[in-house]
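Engineer: Quick one: sequence and predicted model below, then my questions.
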Amino acid sequence: MTEDCAFDLDHYRELLDAARSGGYRFAFFDRDPEPGDLLLRHDVDLELEAALQMAEAEADSGAAATYFLMTRSVFYNLDSPPGEAAIARLRELGHRVGLHAVHPYVDLDERFDPAIAWHNPDPEFMSAEVAGVANAMEPRFFDRDRYRSDSNQHWRSGCPHADLAAGRYDWLQLLTHPEIWAYRGATMAETMTAMLDAERERRVDQLREDRIDI
Ligand SMILES: [Zn+2]
Ligand SMILES: [Zn+2]
């Protein structure tokens, strides 16, 4: 186990190994959690490329997750060819795809499983039930003691790897944001800078493909 609990894909794989040592099984938002369940949840806020890297790492480890993708992101376009390819690849790797919804819009269509997670929710609607759909933060899926999140590259109550390995959670919803793990940086600001550097190169390629002289 790495000592510093780095936010990188190597340590993410160690988290998955820890979960396996702890006896957890990978579960989804299609039924109420049961003892021994680990619900891997990813809110894809910023880019699909990072999500795909994480998805490949999970598949290599025999893990399956639910990726919540946005239809109203200012950062990526699910209707673009790379967007369509990303959904296809996530499915191919055995992951589930839910909607990372922007309140009040629930744009569920055939691309998604009937599961949503609100992006930057206000407390008034965060945990409210949504008719016919699983809301990842409704009480049956969310319990303070059975929930860990890497928000802004910070674990509020420490990295969960040791507790996973020891089987200390009855069940757990583990929310991680792929961009934080796919790019290296000691802080969220450094990680975002690394992401922007990579995106600049990708943009240059996209401009060339779009027949722009650069
Ligand atoms: Zn750790
Ligand atoms: Zn979000």
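Structural biologist: That came through, no problem. Ligands and ions are numbered 1, 2, ... in the order given.
Engineer: List the contacts of the longest helix along the chain.
Structural biologist: Counting by DSSP state H, the longest helix found in the chain is helix 188-209. Applying CB atoms under 8 Å, 6 or more residues apart in numbering, the contact partners of helix 188-209 are 7, 46-47, 49-50, 152-154, 179-180, 182-185, 214. C-beta coordinates here come from the backbone N, C-alpha and C atoms, glycine included.
Engineer: ok, and the closest non-adjacent residue to Val133?
Structural biologist: Pro114 (4.8 Å; CB to CB, 6 or more residues apart in numbering).
Engineer: correct me, but that neighbour touches Gly132?
Structural biologist: Yes: counting by CB atoms under 8 Å, Pro114 does reach Gly132; the two are 6.4 Å apart.
Engineer: So for the two, which residue has more residues nearby?
Structural biologist: Pro114 (14 against 8; other CB atoms under 10 Å).
Engineer: From the opening residue of stretch 76-95 to its closing one, how far?
Structural biologist: Using CA to CA, to the nearest Å, the span of stretch 76-95 from its first residue to its last is 20 Å.
Engineer: What parts of this protein come near ligand 1?
Structural biologist: Neighbours of ligand 1 within the chain, by CB under 5 Å from the ion: Cys5, Cys159, His161.
Engineer: May I ask which helix or strand encompasses the nearest residue to Leu9 once chain neighbours are set aside?
Structural biologist: In space, Leu9 comes closest to Ala57 once its chain neighbours are excluded; the distance is 5.0 Å by CB to CB, 6+ apart. Ala57 belongs to helix 48-60 when assigned by DSSP states H and E.
Engineer: got the CA positions of that helix in PDB?
Structural biologist: Output in PDB follows, covering the C-alpha atoms of helix 48-60 (Å, rounded to 0.1, in the frame of the first residue of the first chain):
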ATOM      1  CA  LEU A  48     -14.600  11.800 -20.500                       C
ATOM      2  CA  GLU A  49     -10.900  10.900 -21.200                       C
ATOM      3  CA  ALA A  50     -10.200  10.600 -17.500                       C
ATOM      4  CA  ALA A  51     -13.400   8.600 -17.000                       C
ATOM      5  CA  LEU A  52     -12.200   6.100 -19.600                       C
ATOM      6  CA  GLN A  53      -8.800   5.800 -18.000                       C
ATOM      7  CA  MET A  54     -10.400   5.000 -14.700                       C
ATOM      8  CA  ALA A  55     -12.900   2.600 -16.400                       C
ATOM      9  CA  GLU A  56     -10.100   0.600 -18.000                       C
ATOM     10  CA  ALA A  57      -8.200   0.400 -14.700                       C
ATOM     11  CA  GLU A  58     -11.300  -0.900 -13.000                       C
ATOM     12  CA  ALA A  59     -12.000  -3.500 -15.700                       C
ATOM     13  CA  ASP A  60      -8.400  -4.700 -15.400                       C
END
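Engineer: buried sites along it?
Structural biologist: Residues of helix 48-60 classed as buried under the neighbour-count rule (16 or more other CB atoms under 10 Å) are Leu48, Glu49, Ala50, Ala51, Leu52, Gln53, Met54, Ala55, Ala57, Glu58, Ala59.
Engineer: And the strands in the protein, which stretches?
Structural biologist: 25-27, 37-43, 66-69, 96-101, 115-118, 134-135, 147-149, 172-176 (DSSP state E).
Engineer: Packing partners of the last one?
Structural biologist: Other helices and strands packing on strand 172-176, by 3 or more CB pairs under 8 Å, 6 or more residues apart in numbering; DSSP states H and E, are strand 37-43, strand 147-149.
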